[in-house]
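Colleague: Fold the following for me, if possible:
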Amino acid sequence: MNRTWVRSCLLLFRVVGLSSIMLFLSGCVDFGYYIQASKGHIELLSKRQPIDTLVSSGSISPDVKEKLDLVQKITAFSEQEMSLPAGNSYSDYVALDRPFVVWNVFASRSDSFESRLWCYPLVGCVSYRGYFDLASADRYADELSELGLDVFVGGVSAYSTLGWFDDPVLSTFLKRQDFQLAALIFHELSHRVLYIKGDTTFNESFATAVEQIGLEKWVAAQGRPNLLLKYRKSKQLNSEFVAFVLKWKATLEREYQEIDLNNDFSTKKVQLYDQMLEDYERFKLRIAYNGYDHWMEDDLNNAKINTVATYESQVPAFIALYKRVDSDMERFLAECIRLSKQPKGTRDEYLDSLLN
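Modeller: Prediction:
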């Protein structure tokens, strides 16, 4: 009997069983949502093919083969140099006929940056809700918008099952530049090492910090000066853009508290976002780069800005912690795991103290 078929069946039973448990624990309140999530993941399981078999068969294009070879090298680097165990993740490949594997729906109050949270068994409360189908994500986003919430729908190239399954390489990975592909793998593997139920900002900031640390190591090890220059330029641009967005988030939070909610809030909010766009025009001239135009111009609102804060706000603290342990990756991961066992207030206070 084919080994791949047997493994797929076992994984299928596992995801169905896991979904059944989640439905039971949730009281079937979100039955339709869990069904689409289960169907979406089962689709991935049914399409996975061992990379070794694909490469040896010659059935894939040279470009895809080159990227899959690179994934294997990055995964090995993750384990050997970053202490990020991959298990059997990224040993299979799934070709998808869509640009993203999942579309996440984010929402927040229209008059503040208080995020809408969705709570699930196993992972706790998170600030997004994922759909394997764009139309379904858009329908749900419309429902939230009708409730008066700010809403953003963002496509996602990858997601981690937190060690419950061996995550495959997806075709949505492969259009990335080499260092962007490495960043994605470092980020997703870090979730297998550490994930705190119900603390999205900690989880994503930790993963982003690991991604940045890993990229510095990986790019330096490639012996490709042009790649190193390209990466450092990209990192600098991203750091400046994140700082710009977080600066405006703080400005908006401050201004929202001064506006009369009963009278001119909506008008004043539009004016504030117009000012942010005007400031962005000056910002992009200063950095001589317009690659963030689409992000800034398309549905800019509180929910969208929150996505930057979620992934980036505690990254500097994690980088400071890494430097405090003499840039020793094993010690850094051990410290983060130790920190994860503390109450949220204690975690946040400690991370804040690292920047003072």
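
Colleague: Tell me who's in contact with residue 92.
Modeller: Contact analysis of residue 92 by CB atoms under 8 Å, 6 or more residues apart in numbering lists 48-51, 166, 168-169. No exception for glycine: its C-beta is placed from N, CA and C like everyone else's.

Colleague: my bad, residue 126
Modeller: When contacts are counted by CB under 8 Å, 6+ apart, residue 126 touches 117-120, 198, 200.

Colleague: go again using 6 Å as the cut-off
Modeller: Contacts for residue 126 (CB atoms under 6 Å, 6 or more residues apart in numbering) come out as residue 200.

Colleague: can you give me phi and psi for it?
Modeller: The phi/psi pair for residue 126 (degrees, to the nearest 10) reads phi -130, psi 160.

Colleague: tell me the SS of the residue nearest the centre of the chain?
Modeller: Geometric centre of the chain, nearest residue: residue 204, 6.6 Å, by CA atoms, centre = their mean. Put simply, residue 204 is helix when judged by DSSP: H, G, I helix; E, B strand; the rest coil.

Colleague: so it touches residue 308, yeah?
Modeller: No - look at residue 204 against residue 308 with CB atoms under 6 Å: they stay out of range, at 10.6 Å.

Colleague: need the helix or strand of this structure with the lowest average pLDDT.
Modeller: Least confident element among the helices and strands of the chain, by mean pLDDT, DSSP states H and E: helix 3-25 (a mean of 40).

Colleague: residues near residue 275, how many?
Modeller: Applying other CB atoms under 10 Å, we find 14 residues neighbouring residue 275.

Colleague: Can you classify it by secondary structure?
Modeller: helix.

Colleague: For it, give its distance to residue 268.
Modeller: Distance of residue 275 to residue 268, given as CB to CB, to the nearest Å: 10 Å.

Colleague: And for residue 37?
Modeller: In this view, residue 37 and residue 268 are 39 Å apart by CB to CB.

Colleague: Looking at these two now, which is surrounded by more residues?
Modeller: Using other CB under 10 Å as the criterion, residue 37 and residue 268 rank with residue 37 on top: 20 against 15.

Colleague: show me where the chain has helices.
Modeller: Per DSSP state H, the chain carries helices over the ranges 3-25, 31-47, 51-57, 62-82, 134-146, 178-193, 200-221, 225-256, 265-287, 293-297, 302-312, 315-324, 329-340, 344-353.

Colleague: Give me the mean pLDDT for the last one.
Modeller: In this model, helix 344-353 carries a mean pLDDT of 97.

Colleague: next one: it to chain centre, how far?
Modeller: The chain centre lies 22 Å from the centre of helix 344-353; the measure is CA atoms, centre = their mean, to the nearest Å.

Colleague: And for the second one?
Modeller: From the chain centre to the centre of helix 31-47 is a distance of 20 Å (CA atoms, centre = their mean).

Colleague: which strands and helices sit next to that helix?
Modeller: Packing contacts for helix 31-47, counted by 3 or more CB pairs under 6 Å, 6 or more residues apart in numbering; DSSP states H and E, involve helix 3-25.

Colleague: can you check the longest one too?
Modeller: Here helix 225-256 is seen to pack against helix 200-221, helix 265-287, helix 302-312 when contacts are counted using 3+ CB pairs under 6 Å, 6+ apart.

Colleague: How about the fifth one?
Modeller: Using 3+ CB pairs under 6 Å, 6+ apart as the contact criterion, the elements in contact with helix 134-146 are strand 102-108, strand 150-156.

Colleague: Nearest to residue 69, out of those?
Modeller: Nearest to residue 69, of all these, is strand 150-156, at 24.3 Å by CB to CB.

Colleague: Return the distance of the closest one from the chain's centre.
Modeller: From the chain centre to the centre of strand 150-156 is a distance of 12 Å (CA atoms, centre = their mean).

Colleague: do the same with stretch 296-313
Modeller: Centre to centre, stretch against its chain (CA atoms, centre = their mean), the figure for stretch 296-313 is 13 Å.

Colleague: Could you list the alpha-carbon positions for that stretch in CSV?
Modeller: Coordinates of each C-alpha in stretch 296-313 appear next as CSV, following Å, rounded to 0.1, in the frame of the first residue of the first chain:
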residue,chain,number,x,y,z
MET,A,296,-1.8,52.8,2.2
GLU,A,297,-4.4,53.5,-0.4
ASP,A,298,-6.6,50.4,-0.1
ASP,A,299,-9.2,50.4,2.8
LEU,A,300,-7.0,52.2,5.3
ASN,A,301,-8.7,52.0,8.7
ASN,A,302,-8.2,51.1,12.4
ALA,A,303,-8.4,47.3,11.8
LYS,A,304,-5.7,47.5,9.1
ILE,A,305,-3.4,49.6,11.2
ASN,A,306,-3.8,47.1,14.1
THR,A,307,-2.3,44.3,11.9
VAL,A,308,1.0,46.2,11.9
ALA,A,309,0.9,46.7,15.7
THR,A,310,0.1,43.0,16.3
TYR,A,311,3.1,41.7,14.4
GLU,A,312,5.6,44.4,15.2
SER,A,313,4.9,46.2,18.5
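
Colleague: That stretch: which residues count as buried?
Modeller: 296, 300-313 (16 or more other CB atoms under 10 Å).

Colleague: go on, stretch 171-178?
Modeller: Residues of stretch 171-178 classed as buried: 171-174, 178 (neighbour count, 16+ other CB under 10 Å).
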